[in-house]
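Novice: pasting the structure only:
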C-alpha cells in the first residue's frame, strides 16, 4: 500500500483536533514513528491502518485511495444533474445518472487534479460507481427530494426531482463545478443509457482496473481530452 494516504490522515487528524501523540498511542506506535508516517517517510502495517480506520470512521478503501468523501456534496451533484432536466421528460435512468456522476468527478480531476466529491469509484459490471451511490439515491427518495418511476416498459428506474428537491440549495457546489455538470449534461442529453455505458467502459480507467477494484483518479489524466466526457 503506497503511503500517499498519509496526507488524508493528517488532514482528518487536524480537523478533529487530535495530536500526533494521541494517534500514535491509539495505534500502538511511537510518536516519532507516527510523525515520520505523516511526513511520508514511513509506512504503517495493515493492523495499524485498520486501527486508523476505526479511529476516524472511514473504510480501508477510502484510506487507500487517499480521498475524503463529501457525502453531502455528492448528493447535491445528483440534484444538480436532475435539476437540469436533460433526461427524457426530465427523468434520468438510474444507470445513466450514475455514469454522469462518474464523468463529473473524473472530468473535474482531469482539469484540477482533485475529485469533485471525493468519492471512490469501483469497477463493477455495469460501470464505475461509488459504494455510496445506491445509499444516496435511497436517502434522497426517503427524504422526498427525488422520486423514482419504475413502471417503464423496459423496466428501467427513472429518477427525477420533486418540488421539494427543487427548493434544496446546492451550497456545496461552486460556479465552475456547476458549469462542468451542465456541460456534461448537455453533452449526453439525447444519448441512450447504453451509449454512456459503452463510453465509460471504453475509457482507460475502467479498462485497466480489475473487477471490483477501486479506480484511481490519476488514470483519467492519460485519457484523450476528447474522451474525458
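Specialist: Arrived safely. This is a predicted model, so every value here is computed, not measured. Residues are numbered from 1 along each chain as shown.

Novice: Surely residue 134 is within a strand?
Specialist: No. Secondary structure of residue 134, determined by DSSP: H, G, I helix; E, B strand; the rest coil: helix, with no strand assignment.

Novice: Residue 211: neighbour count?
Specialist: 8 (other CB atoms under 10 Å). The C-beta positions use only the backbone N, C-alpha and C, and glycine is treated the same way.

Novice: residue contacts, it?
Specialist: The contact partners of residue 211, taken as CB atoms under 8 Å, 6 or more residues apart in numbering, are 123-125.

Novice: Buried ones among these?
Specialist: With burial judged by 16 or more other CB atoms under 10 Å, the buried subset of those is residue 123.

Novice: What's the local residue count around residue 10?
Specialist: 16.

Novice: For stretch 135-153, what is the distance to the chain centroid?
Specialist: 19 Å (CA atoms, centre = their mean, to the nearest Å).

Novice: Name the residues that touch that stretch?
Specialist: So stretch 135-153 is contacted by 71, 74-75, 78-79, 82, 91, 94, 157-162, 164-165, 168 (CB under 8 Å, 6+ apart).

Novice: Narrow those to those in strands?
Specialist: 158-161 (DSSP state E).

Novice: For the protein, which segments count as strands?
Specialist: 92-93, 121-124, 127-130, 146-149, 158-161.

Novice: So which of the ones you listed is the most surrounded?
Specialist: Among the strands of the chain, strand 92-93 has the highest mean neighbour count (mean count of other CB atoms under 10 Å), at a mean of 24.

Novice: Okay, now the sheet partners of that strand, with direction.
Specialist: Next to strand 92-93 in the sheet, as set by DSSP bridges, lie strand 158-161 (antiparallel).

Novice: so how far is residue 97 from the most centrally placed residue in the chain?
Specialist: Geometric centre of the chain, nearest residue: residue 119, 2.3 Å, by CA atoms, centre = their mean. Distance, residue 119 to residue 97, using CB to CB, to the nearest Å: 14 Å.

Novice: Not counting sequence-adjacent ones, nearest residue to the residue nearest to the centre of the chain?
Specialist: residue 130 (4.0 Å; CB to CB, 6 or more residues apart in numbering).

Novice: returning to that earlier point: drop anything exposed from the contacts of stretch 135-153.
Specialist: 71, 74-75, 78-79, 82, 91, 94, 157-162, 165, 168.

Novice: Of those, which is the nearest to residue 113?
Specialist: residue 74 (18.9 Å; CB to CB).

Novice: got a list of contacts for stretch 5-17?
Specialist: 20, 23, 37-40, 52, 56, 58, 62-68.

Novice: hmm, back to that, bridged to the residue nearest to residue 119, which residues?
Specialist: For residue 130, the beta-bridge partners under DSSP bridges are residue 121.

Novice: Break the chain into its domains for me.
Specialist: Following automatic domain parsing, the chain resolves into domains at 3-65, 71-227.

Novice: Tell me which other helices or strands the lengthiest helix in the chain touches.
Specialist: As assigned by DSSP state H, the longest helix anywhere in the chain is helix 94-112. Contact analysis of helix 94-112 by 3 or more CB pairs under 8 Å, 6 or more residues apart in numbering; DSSP states H and E lists helix 71-83, strand 121-124, strand 127-130, helix 133-142, strand 158-161, helix 175-187, helix 193-201 as its packing neighbours.

Novice: That concludes my questions; thank you for your assistance.
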